[in-house]
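# Whatever this is, show me its structure:
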Amino acid sequence: MDYGNHKRCWTLGDGYTLGSGLTLGQEIGQWHVIRRRAAARKRKPTFSVFLAKQGDVTEYVTQISTNRRFEDSLHEPNHGSGTITMYDVNGDFAENSQCIIQQGDEVKIWAGFDGDNIPRFTGLVTDPKINTTTHEVTLQIADYGWLLKQSQTGGDYSAYGTPKLLIDQLVTNEMRLGSITYENEAGEPTIYTFGNTTLSTRTYWAIIHGATLGIFYIFYFDENGVLQCKRRNGFTDADSDTEIVFTDDNIQNLDHLQMAEIINKKSVAHSDTPGWTNAALGDGLRFGQSTYIAQDELSIARYGERADYEAEELIDGWDNTYDMAQQSVNFYKYPKEIYKMSAPGRPELQLTDRFHLDSQKRNVKGLFVIMGIEEYLTPRTYTQTLAIVSERDIT
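Model prediction:
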């Protein structure tokens, strides 16, 4: 946000007390806050909505809400979703009292301020409804994860023995959803090999979840409809910093939701196992029949045993299960907190972005990662509710 150039024009010392009872420094601080808020009010929120079969429908849209997120856990994630509400007084989207917008029609949303809009959501219409009495059209929308949940496959995938080969085949070749962005593409997505490639029948989404679990990646569709595959333990890299600082001046609400998941004992099932049980290995790793177990004794002593179990057909054999168990414990053995923060819309924010939070009122400070973005848009309003997770305490 550009607030312009503000030059200090006072010549008094900063400790000098003004008629208001505030020091000069406090007056200057308040002046800057007032100017920032005034500048923010002058910005007009704008958006545009495009439906592939209808074209630009922005003039009809009265309200938009979207929700995109990834999960700070090893559980299968949800796909992004949202709602578009339109006012159709002339019946342009009605035919024989039915909505001509159909399930599966592609949709794209841009948002910003003063006409400077950037992509915020790409996906499909999943449930179109029209009320010819009120002239209201309601479109339930979802990102392409919804489509991957509608289709199932299984059988022999031995030709696709790495995460990159398998996910590319499912998403790009079979579902034709475009190319995929991998973090460190020449590394684990390519060199990691599955222990088993004869797959049971399940959704494409579930298979991708299993493929990314083995390399400790998360996956989600971004604002442009591109599948992102990123390292879970890569969010602390400096490259994800945004230089954005949220303070009490630009926070509307900040609520603690829950402590993030702790895992300090991880069991991973497999079929390639020795014939004896409970043999001890180095670094606190143990294996029993059909199960490898990694655990962190210090975390268990501090926070109690937080055990988690995995049974995934793509994670099979000593190499696969060892890495999965050890990475899970290393990443999840310390606590961190999840908050919900509401603030004026900032279209530049994206999932996995890292920013500084400094709330004096709520005594919350530190680095946080964006794990969820809910947006609400009208012709007069643009607000965001962010699900944010703190950096893990390793002390």
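# Would you check that Thr198 makes contact with Tyr157?
Yes. Using Cβ atoms under 8 Å, Thr198 and Tyr157 qualify as a contacting pair, with a distance of 7.5 Å. No exception for glycine: its C-beta is placed from N, CA and C like everyone else's.
# The two - which one has more neighbours?
Neighbours of Thr198 and Tyr157, each counted by other Cβ atoms under 10 Å, are more numerous for Tyr157; the result is 20 against 11.
# who's in contact with the more buried one?
For Tyr157, the contact set (Cβ atoms under 8 Å, 6 or more residues apart in numbering) comprises 166, 169, 197-199.
# top of the residues you listed by neighbour count?
Note: the member of the contacts of Tyr157 with the most neighbours is Leu166, at 23 neighbours, neighbours being other Cβ under 10 Å.
# So for that residue, what's the nearest residue that isn't a sequence neighbour?
In this structure, Leu166 finds its nearest non-sequential neighbour in Tyr160, 4.2 Å apart by Cβ to Cβ, 6 or more residues apart in numbering.
# So that neighbour, which state does it fall into?
coil (DSSP: H, G, I helix; E, B strand; the rest coil).
# Count the neighbours of it for me.
Residues contacting Tyr160 under the criterion other Cβ under 10 Å number 19.
# sorry, back to before: closest to Leu349 out of the contacts of Tyr157?
Out of the contacts of Tyr157, the one with the shortest distance to Leu349 is Leu166. That distance is 31.1 Å, counting by Cβ to Cβ.
# Which strands and helices lie in contact with the helix or strand hosting that closest one?
Counting by DSSP states H and E, the secondary-structure element that holds Leu166 is helix 163-167. Helix 163-167 is packed against helix 188-191, helix 204-213, strand 227-231, with contacts defined by 3 or more Cβ pairs under 8 Å, 6 or more residues apart in numbering; DSSP states H and E.
# now with 7 Å?
Judged by 3 or more Cβ pairs under 7 Å, 6 or more residues apart in numbering; DSSP states H and E, the packing partners of helix 163-167 are helix 188-191, helix 204-213.
# Output the contacting helices and strands for the last one.
It stands for helix 204-213. When contacts are defined as 3+ Cβ pairs under 7 Å, 6+ apart, helix 204-213 sits against helix 145-150, helix 163-167, strand 217-221.
# For the chain, which residues score under the pLDDT cut-off?
Counting by pLDDT under 70, the chain contains low-confidence ranges at 1-42, 235-240, 271-290, 392-395.
# dump the residue contacts of the most centrally placed residue in the chain.
Note on the chain: the residue nearest the mean C-alpha position is Arg69, at 3.0 Å, using Cα atoms, centre = their mean. With Cβ atoms under 7 Å, 6 or more residues apart in numbering as the criterion, the residues that contact Arg69 are 78, 371-372, 387.
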